[in-house]
Every structure is written in structure tokens, then in C-alpha cells.
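> Sequence first, predicted model second:
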Amino acid sequence: MLYRYMAGAVAARTGDEMSGPALLVAGMAVTGSPLTASWLLAGLTVSAAFGGPLLGVLLDRARRPGRLLACCLLGYATGLLLVLYGLGRVPDAALIGVAVVAGLLGPALTGGWTAQLPQVAGPERLSRANALDSMSYNVAGLAGPAVVGLVASAGGGTVTVLVCAGLLVAALPAAWSLPPVRARSAAPAAVPASPATVCAHPAAPGSPADGGATGRGRAIRAELVEGFAVIWRNATLRRATAGSAVSCCGLAMLVVSAPVLGAELTGQSGHGALLLAVTAASGLAANAVIAAWGRVRRWDRVLARGTAVLGAGMALAAWAGTFWAAVVAAAVAGAGEGPQLTALFSVRHREAPARLRSQVFTTGASLKITSFAIGSALAGPLAAYSASSALVAGAVLQAVAVAVLTAGRRDKGSPGEASRSARGGR
């Protein structure tokens, strides 16, 4: 089951990594307008902050969360295809609106999928499974932009969206077959549902059958409030959520400034993409070591130290005088980013109450996506001045994230806090 989960996760996340660049390339190819292309990308990402928490509630209430994930994959792919079909035929504002609606489903491909990992791996294999799951992000980060570039060169910009949608659809069987929530296994057996039925009625058996839309709406609102309260009241979750969001904002500085740095050092902006590939490959290697190593007891420390190493790599890149020095700096940054993501997932799995786990993951993913978009917007003017200024700003943000992650932390309090949080959350 874990191998099928990983295959589906790699396909879905590679499609997700492709979606933004694919819309950019297709928008430019059809309309010739960088403004339209950038607004399509912005629409696809900005709505994640609103979609994530609601998706989390629906996944936590679902009889079979994997089937709801499959519906989200199908909806995301359909949204991308509608945008592609409408380019040059439909007003740009309408297409941006479609991208915004599709973007609401984006957190399902990241946090929503990861939240199902305990049902797949079980507690005895969760530590290793977390590292493997984090590696799927590194693989997708390497493959997604590369596939967009290759497909666009061979078949044109519009084909990239078709390939992206194909990868999302390829992940449907893995999502559909994810196991049910074990805590609800004692509930009365349900009649097997069709995909259309599951998409339309994702609520758990415990929801009132005769409550109507008003009753369901109140229950969903109450669970939204409860999910945010769990993140806020649990100091470990609060630190991890806030610190990772700040760090992701700083990571955007690295992504935006990499092409500029490549151009400054070699005269070719394409070498900046190689730096990002080195970062992703280094993160993949670091997570492979963690997966082979086995259990890690203090994931809180790994989270903070990984963030610090990421910041150190960005600072080194800011002062790199040669391209090879920048390659070393990119490798250092990746060696921090990979374990940072694994540690973040492990902290969330450990601290989140089981019945609210999906909401904790999708809310965290939404905040990270939104903070990355904010960081990208801030990085543009800085990188236009110089790559070093953007990288220094990113390193400062990583230092702020480390301060958030370590503020008020008690070394021996984390496991006890986790058990108290779980009891209180239920």
C-alpha cells in the first residue's frame, strides 16, 4: 500500500509542480501576454489560503478520504484543461476566475495527501514513511519544471498543460484506493458509492442525516474553528505552522533570485535552474539518509536546525563569487530544506488529533503556499536590484523562522505536550 501511495503522490505532486509553469508557458504561447500568464499563475496559487482549511474539514469528515482526494485531483485537472481551452476564446478575467476556483483544490495535492499517511503506513513505519513522503516533494520539484521545459520545447506550450493534467489523472487510482479511517471502522458499513456520489456527499456517517444544509454548514463552521483552535492552543503546532510559513516566504527569495544569480555569475539565466535542481537533489539525498537511518526522536530540533542550514545556504549563495561556489551553497540549502520538510510532517503527525489531522495539514499547506506567493512578490524588486539582496533577505527570514521555531521551546516537554494535546483535542 505504501508503494502505491508513493507512486500516486509522485504523480500528483509532479503534476502540481508543473501546473504553475505550464499555465505560464501556455498563457504566453496563446496570448503573447506576460501579464495574462502571470495573473493565471497568481489566481491558481492565491486561493489556496481559503481552500485548505475547508478541504481539511471535508477530508476529516469523509468516510473514505482517498475518494475525496481523487475528486479533488479530477477537479484540479479539469480546471487546468478549462483554462487551456478558454485561452484566446474566453475573456481573461473569466479564465483567471477558473484558475482561482481550481486553486482552491491545490492543498489536497500536498497536505491533504500527506495527512492520510498514518492510515497507510501505521505508527510503526510512520517515521520512515514521512521521509519517503518528503522525498516525493523533492522528486516533483526536480521533475516538474524540467518536464515543462522539455515538453514545451518538443510540442509547444499548450501541450504542457495536457501532460500536467495527465499526471494528475494518473494519480486517481492511488488516491481512490487509500484505506478508510481506522477510527471509524466500527461505523455501519456503507453501500459502495460511485465517484459522483462520493464527490457530492463526502460527510462522515456521524453527520446528521436530517440536519439539512444549515445543520451541515454549522457543523463545518464549528470544525473549522476547532481546527484553527488546535493549531493555536498547541504551542508546538503553532510554532511549526508559523515558522514554516515564514521559512517558505524566505524560500521564495531563493527560487526567484536563482535565475538572476545564474545570469550574474555566468551570463546565462538558465544556470539558475541548475542551482534549483542542485537544491532539490541535495534535499532528496538528505531525506534518503533519514529514511535509511530510521527513527528520529526530536523532530522539533531537526525542524529548527534544518531551517538554520537552509538560511546558511542562502547566505553563502548571496556572497558566492563563482558559479561553483553558488552550487555548493545550493547544496547546503537543500541539505537543510529536505530534513526541514520531513520534520514538519513528523511534528504535525505527532501533535495533531487524529480526527483533525487533515485540517491541520491542509491549513498548514495553504499558509505555506500563500506565504510563498507573498515572498515571490517581494523578491521580484529585490532580485531586479541584485540577486544578493534577495538572498540576504531570504536568509534573514530563515533566521526569523528559527527564532519562531525555538521560542519558548522546552527540550523535554515535546512528547508530553503531544500526548496532552491529543487527549485534549479529542
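Yes, it's here. In this text the structure is predicted, and so the values were computed from the model without any measurement.
> what residues are up against the closest residue in space to residue 359 that isn't next to it in sequence?
Of all residues not flanking residue 359 in the chain, residue 56 sits nearest, at 3.0 Å (C-beta to C-beta, 6 or more residues apart in numbering). In this view, the C-beta of every residue, glycine as well, is placed from N, C-alpha and C. Residues in contact with residue 56 (C-beta atoms under 8 Å, 6 or more residues apart in numbering) are 107, 111-112, 115, 227, 356, 358-363.
> Of those, which is the most crowded?
Counting by other C-beta atoms under 10 Å, residue 107 has the largest number of neighbours within those, with 34 neighbours.
> Test for you: state the pLDDT assigned to that residue.
Predicted confidence (pLDDT) at residue 107: the value is 85.
> ok, the closest residue in space to it that isn't next to it in sequence - contacts?
Counting by C-beta to C-beta, 6+ apart, residue 107 lies nearest to residue 52, which is 3.8 Å off, once chain neighbours are set aside. By C-beta under 8 Å, 6+ apart, the residues touching residue 52 are 107, 111, 362-367, 369.
> Okay, and the residue nearest to residue 359 sits in which element?
Assigned by DSSP states H and E, residue 56 belongs to helix 48-61.
> buried set for that helix?
Neighbour-count burial for helix 48-61 flags 48-49, 51-61 (criterion: 16 or more other C-beta atoms under 10 Å).
> right, and the helix or strand after the helix or strand hosting residue 310?
Using DSSP H and E, residue 310 maps to helix 299-318. Heading C-terminal from helix 299-318, the first helix or strand you meet, by DSSP H and E, is helix 323-351.
> Check the offset of that next one from the chain's centre.
In terms of C-alpha atoms, centre = their mean, to the nearest Å, the centre of helix 323-351 is set 14 Å apart from its chain centre.
> ok, now stretch 126-146?
Taking C-alpha atoms, centre = their mean, the mean C-alpha location of stretch 126-146 is offset from the chain mean by 11 Å.
> What mean pLDDT does that stretch get?
On average, stretch 126-146 scores 81.
> From the contacts of residue 56, pick the one nearest residue 80.
Nearest to residue 80 among the contacts of residue 56 is residue 107, at 15.9 Å by C-beta to C-beta.
> hang on, isn't the closest one packed against residue 55?
Yes: applying C-beta atoms under 8 Å, one finds residue 107 in contact with residue 55, separated by 5.6 Å.
> where do the contact lists of the two overlap?
What both residue 107 and residue 55 touch, as defined by C-beta under 8 Å, 6+ apart, is the set residue 362.
> picking that back up, what two of the contacts of residue 56 are the furthest from one another?
Based on C-beta to C-beta, the longest span within the contacts of residue 56 runs between 107 and 356 and measures 14.9 Å.
> Against which helices or strands is the longest helix along the chain packed?
Scanning the chain for the longest helix, with DSSP state H as the assignment, gives helix 235-266. On a contact count with 3 or more C-beta pairs under 8 Å, 6 or more residues apart in numbering; DSSP states H and E, helix 235-266 meets helix 212-233, helix 270-293, helix 299-318, helix 323-351, helix 357-385, helix 387-406, helix 414-425.
> Out of the ones you listed, flag the one nearest residue 44.
Of all the helices and strands packed on helix 235-266, it is helix 357-385 that lies closest to residue 44, at 9.7 Å by C-beta to C-beta.
> closest one to residue 171 among the helices and strands packed on helix 235-266?
Per C-beta to C-beta, nearest to residue 171 of the helices and strands packed on helix 235-266: helix 357-385, 16.5 Å.
> elements contacting that closest one?
Contacts defined by 3+ C-beta pairs under 8 Å, 6+ apart place helix 357-385 against helix 34-46, helix 48-61, helix 111-114, helix 212-233, helix 235-266, helix 323-351, helix 387-406.
> quick check: angle from the last one to helix 270-293?
Between helix 387-406 and helix 270-293, the angle comes out at 20 degrees (axes from the mean of the first three to the mean of the last three C-alpha atoms, to 10 degrees).
> got the helices and strands packed on helix 235-266 as CSV, with distance to residue 248 columns?
Formatted as CSV, these follow (distance: least, C-beta to C-beta, whole Å):
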stretch, distance to residue 248
helix 212-233, 16
helix 270-293, 14
helix 299-318, 10
helix 323-351, 10
helix 357-385, 4
helix 387-406, 9
helix 414-425, 22
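> Check these for me: which has the lowest mean pLDDT.
Lowest mean pLDDT within these: helix 414-425, at a mean of 41.
> Please identify which of the contacts of residue 56 is nearest to residue 236.
The closest of the contacts of residue 56, once distances to residue 236 are taken by C-beta to C-beta, is residue 360, at 11.5 Å.
> how much space between the closest one and residue 335?
Relative to residue 335, residue 360 is positioned 27 Å away (C-beta to C-beta, to the nearest Å).
> what's the closest of the helices and strands packed on helix 235-266 to residue 145?
Here helix 270-293 is closest among the helices and strands packed on helix 235-266 (C-beta to C-beta), at 6.9 Å.
> Mind giving me the packing neighbours of that closest one?
For helix 270-293, the packing partners by 3+ C-beta pairs under 8 Å, 6+ apart come out as helix 126-155, helix 235-266, helix 323-351.
> Redo these as CSV? Include mean neighbour count and distance to residue 374.
Putting those into CSV (neighbours: other C-beta atoms under 10 Å; distance: least, C-beta to C-beta, whole Å) gives the following:
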stretch, mean neighbour count, distance to residue 374
helix 126-155, 21, 20
helix 235-266, 23, 6
helix 323-351, 24, 18
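> now these in TSV, with distance to residue 292?
Putting the helices and strands packed on helix 270-293 into TSV (distance: least, C-beta to C-beta, whole Å) gives the following:
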stretch	distance to residue 292
helix 126-155	8
helix 235-266	24
helix 323-351	13
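> among these, which is nearest residue 389?
Set against residue 389 and scored by C-beta to C-beta, these come closest in helix 235-266, at 8.4 Å.
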